[in-house]
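have a look; sequence and predicted model below, questions after that.
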Amino acid sequence: MSIPQYKFRDKLLVAVDCIIFGFDGLQIKALLVKRDLEPGKGINALMGGFVNSKESVQEAAKRVLNKLTGLTDIYMEQLACFGDEERDPGGRVISIAYFALIKIDDYNSDLMTEHNSRWFPLDALPALVFDHANMIKLAKERLQEKVSTHPSGFTLLPQKFTLQQLQALYEAIYETSFDKRNFTRKMLSLNILKKLAEKETVSSRKGAFLFEFDKKKYKILEKEGLKFL
């Protein structure tokens, strides 16, 4: 049996970095932490960590997300591999980036204090370590692509939401304004929103009807290739 040649190859470190997006009702925000080790100690960064020898890359990403947010049922997907030779001054590190979507209200404030984390609007990001700004930029582009054909954006909303809140979400993601009548007509025509008898009465005296995303109807229609916008 031939001897594997792996031991003669360069040894590289593999890490995961997690871009976590949330929506505060007006803006899409990214969750950042203050880096607590060199290189780059004290600079804002994405939450990340090295992949352990006995876990998959995806398991590592889930572990990092759970450590930062305390949540387990999180929408996440692999974004890209970042492997420029000099991306990390600390060593030769290949990073697999994941982007995740969570409800801001689900994030425990105690964990924010523990990890020295903070939400930042995407148009007001601070200086970031390494290539983390590029990771966020790519994740933002992927989010825009994703929500045009997939209901992942609903992950950022409360379970019950108004059409106004839904429109505000899409306007925040695409950084543009939509005509209210056309947007409402388009979303209702998809037949994946369940209108409830309840109303949201905080923003107006008359109140606006609340809706829920109908997962069962979406699953039936998914194969038809729905286009949200």
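That came through fine. Here the structure is a predicted model, which is why all the values come from computation and not from measurement. Numbers count the residues shown, from 1 in each chain.

can you map out the helices along the protein?
57-69, 109-115, 132-149, 163-174, 180-189, 215-221 (DSSP state H).

now these in JSON lines, with distance to residue 97?
Glycine gets a C-beta too; all of them are placed from N, C-alpha and C. Below are the helices of the chain laid out as JSON lines (distance: least, C-beta to C-beta, whole Å):
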{"stretch": "helix 57-69", "distance to residue 97": "9"}
{"stretch": "helix 109-115", "distance to residue 97": "19"}
{"stretch": "helix 132-149", "distance to residue 97": "5"}
{"stretch": "helix 163-174", "distance to residue 97": "19"}
{"stretch": "helix 180-189", "distance to residue 97": "30"}
{"stretch": "helix 215-221", "distance to residue 97": "27"}
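
any weak-confidence spans in this structure?
1-3, 203-205, 229 (pLDDT under 70).

the longest strand that it contains to helix 132-149, inter-axis angle?
Using DSSP state E, we find that the single longest strand of the chain is strand 13-23. Counting by axes from the mean of the first three to the mean of the last three C-alpha atoms, to 10 degrees, strand 13-23 points 50 degrees away from the direction of helix 132-149.

what does the domain assignment say about this protein?
10-147, 157-224 (automatic domain parsing).

give the contact list for residue 115.
Residue 115 makes contact with 33, 47, 67-68, according to C-beta atoms under 8 Å, 6 or more residues apart in numbering.

ok, back up a step: what would the domains of the chain look like in JSON lines with distance to residue 4?
Converted to JSON lines, the domains of the chain look like this (distance: least, C-beta to C-beta, whole Å):
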{"stretch": "domain 10-147", "distance to residue 4": "14"}
{"stretch": "domain 157-224", "distance to residue 4": "44"}
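
single out the most deeply packed of those domains.
The highest mean neighbour count among these, using mean count of other C-beta atoms under 10 Å, belongs to domain 10-147: a mean of 16.

contacting residues around stretch 47-67?
Contacts of stretch 47-67 (C-beta under 8 Å, 6+ apart): 13-18, 20, 31, 33, 68, 71-72, 74, 76, 78, 95-96, 98, 100, 115, 117.

try it again at 6 Å.
With contact meaning C-beta atoms under 6 Å, 6 or more residues apart in numbering, stretch 47-67 is reached by 14-18, 33, 68, 72, 74, 96, 98, 100.

repeat for stretch 76-96
12-17, 39, 57, 97-100, 130-131, 138-139.

in CSV, list the C-alpha atoms belonging to that stretch.
Extracted C-alpha coordinates of stretch 76-96, given in CSV (Å, rounded to 0.1, in the frame of the first residue of the first chain):
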residue,chain,number,x,y,z
MET,A,76,-27.7,29.8,8.2
GLU,A,77,-26.0,28.9,5.0
GLN,A,78,-22.4,28.7,3.7
LEU,A,79,-21.4,31.8,1.9
ALA,A,80,-17.9,31.5,0.6
CYS,A,81,-14.3,30.5,1.3
PHE,A,82,-11.8,33.3,2.0
GLY,A,83,-8.2,32.1,1.5
ASP,A,84,-5.9,35.0,0.5
GLU,A,85,-2.4,34.2,1.7
GLU,A,86,-2.1,37.2,3.9
ARG,A,87,-5.7,37.6,5.0
ASP,A,88,-4.8,36.9,8.7
PRO,A,89,-1.5,38.3,10.1
GLY,A,90,-1.6,35.6,12.7
GLY,A,91,-1.0,32.8,10.3
ARG,A,92,-2.1,30.9,7.2
VAL,A,93,-5.8,30.7,7.9
ILE,A,94,-8.5,29.6,5.5
SER,A,95,-11.9,30.9,6.6
ILE,A,96,-15.3,29.5,5.6
